[in-house]
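>>> Below is the sequence, then the predicted model.
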Amino acid sequence: MLEIKDLKVNIDNKEILKGLNLNIKKGEVHVLMGQNGAGKSTLVKTISDHYDCEVTEGEITYKDKNLLDLSVSDRANEGIFMSFQNPVEVPGVNNSYFLKTALNEKRKYLGEKELDAMDFLKLTKEELGKFDIDKKLLQRDLNDGFSGGEKKRNELIQLLLLKPDLIMLDEIDSGLDVDAIKTVAKVINALLDGNRSILMITHYDKLLSQIKPDFVHVMKNGKIVKTGDYSLALEIDSKGYEIIGKEDETNE
Ligand code: ADP
Ligand code: MG
Ligand code: MG
């Protein structure tokens with residue numbers, strides 16, 4: 001599904017990713033860990049085509065296409081989804097309208113029939129009902145005045161409606177209580193049908209223990225320096241990043 005080769009990325013002319021390699025196959029769950037400033041968010045932002053990130057070297061192949069040739073909207077239409085650490089607030093844009101538009105953009109792109117208001121309502125009822133997620137968020141403006149928890153819940157709504165193929169979650173579990181984390185895990189597990197892949201950034205075992213990642217990668221100074229299975233996350237959770245080694249810290 002996703003193949004990253006020797007990726008180098010600058011932000012503000014400063015090299016942040018320094019030759020990163022990563023392979024994600026269909027159906028796999030990958031976790032990115034690493035200390036603050038390691039470049040985790042930069043990686044997922046680069047994949048979703050965030051304007052901050054300038055690719056200077058390397059290749060990203062997604063579904064056998066050159067990802068770097070795809071526009072930000074084509075990436076979304078091709079099934080790439082990114083939940084931001086700090087989602088933007090868009091006052092004046094109704095959440096439901098935003099989602100219906102995004103969904104129909106994707107359907108048009110894929111040559112599928114667009115949903116009308118009734119179809120969309122039916123779909124949201126169906127999908128959100130499965131997980132007891134409150135529909136009220138849909139009637140508000142996008143992220144406007146959403147609490148931290150509401151923003152995360154809204155990301156789950158987006159996931160359930162857009163059903164992306166490559167799901168990237170940047171610390172979706174931070175600041176969530178145990179029940180909310182359970183809901184996140186339930187939604188993610190329901191989406192994991194063997195055809196979707198996940199790349200998630202997290203520091204905590206609370207969510208991982210419920211999702212069971214296939215691979216755990218540790219980033220340091222713009223590279224993946226260690227890859228393991230779930231036990232690596234457990235080791236980091238108990239011993240901290242010390243286990244990665246203490247060679248020169250060039251991060252702020
Ligand atoms: P992580 O998610 O692992 O904490 P980030 O990818 O957010 O790390 O950041 C990696 C490095 O890039 C840090 O040194 C950070 O200061 C820098 N950086 C991130 N975003 C910006 C930005 N918009 N402008 C300048 N530097 C940035
Ligand atoms: Mg950070
Ligand atoms: Mg980050």
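Thanks, I have it. Ligands and ions are numbered 1, 2, ... in the order given.
>>> which parts of the helix or strand of the chain with the lowest mean pLDDT are buried?
Every helix and strand of the chain was ranked by mean pLDDT, DSSP states H and E. The lowest is strand 90-94, at a mean of 76. Across strand 90-94, burial judged by 16 or more other Cβ atoms under 10 Å covers residue 94. (C-beta placed from N, C-alpha, C; glycine too.)
>>> Measure how far that strand is from the centre of its chain, please.
Mean C-alpha position of strand 90-94 versus that of the full chain (Cα atoms, centre = their mean, to the nearest Å) differs by 22 Å.
>>> which residues are contacting it?
98, 139, 140, 141, 142, 143, 144 (Cβ atoms under 8 Å, 6 or more residues apart in numbering).
>>> 7 Å - rerun?
Applying Cβ atoms under 7 Å, 6 or more residues apart in numbering, the external contacts of strand 90-94 come out as 141, 142, 143, 144.
>>> got it, and stretch 75-83?
By Cβ under 7 Å, 6+ apart, stretch 75-83 touches 44, 47-49, 62-63, 67, 70, 105-106, 109, 155, 159, 162, 164-170, 172.
>>> now the residues you listed: which count as buried?
44, 47-49, 62, 67, 70, 106, 155, 159, 162, 164-170, 172.
>>> Okay, and which of the residues you listed map to strands?
If you go by DSSP state E, the buried ones among the contacts of stretch 75-83 have 62, 166, 167, 168, 169, 170 in strands.
>>> Check whether the third one really touches residue 201, as I assumed.
What it means is residue 167. No. Residue 167 is beyond contact range of residue 201, at 11.8 Å (criterion: Cβ atoms under 7 Å).
>>> From the ones in strands among the buried ones among the contacts of stretch 75-83, pick the one nearest residue 40.
Distance to residue 40 across those (Cβ to Cβ) is lowest for residue 170, with 7.4 Å.
>>> Okay, the closest one and ligand 1: tell me how far apart.
7 Å (Cβ to the nearest ligand atom, to the nearest Å).
>>> quick one, strands of the stretch 101-250 of the chain?
In the stretch 101-250 of the chain, the segments counted as strands under DSSP state E, counting those that start in this stretch are 141-142, 166-170, 197-201, 215-220, 223-228.
>>> Neighbouring strands of the last one in the sheet, and parallel or not?
For strand 223-228, sheet partners with direction are given as strand 215-220 (antiparallel), following DSSP bridges.
>>> so where's the protein uncertain?
Scanning the chain for pLDDT under 70 picks out 84-90, 246-252.
>>> Would you check how far apart residue 125 and ligand 1 are?
On the measure of Cβ to the nearest ligand atom, residue 125 and ligand 1 end up 36 Å apart.
>>> Repeat that for residue 240.
Distance from residue 240 to ligand 1, by Cβ to the nearest ligand atom: 15 Å.
>>> what's the answer for residue 157, then?
24 Å.
>>> Okay, that residue and residue 210: tell me how far apart.
Using Cβ to Cβ, to the nearest Å, residue 157 is found at 19 Å from residue 210.
>>> try residue 197
Residue 197 is 18 Å from residue 210, by Cβ to Cβ.
>>> Settle it for me: which of the two has more neighbours?
residue 197 (22 against 15; other Cβ atoms under 10 Å).
>>> how about that one, what does it touch?
1, 2, 24, 26, 27, 28, 165, 166.
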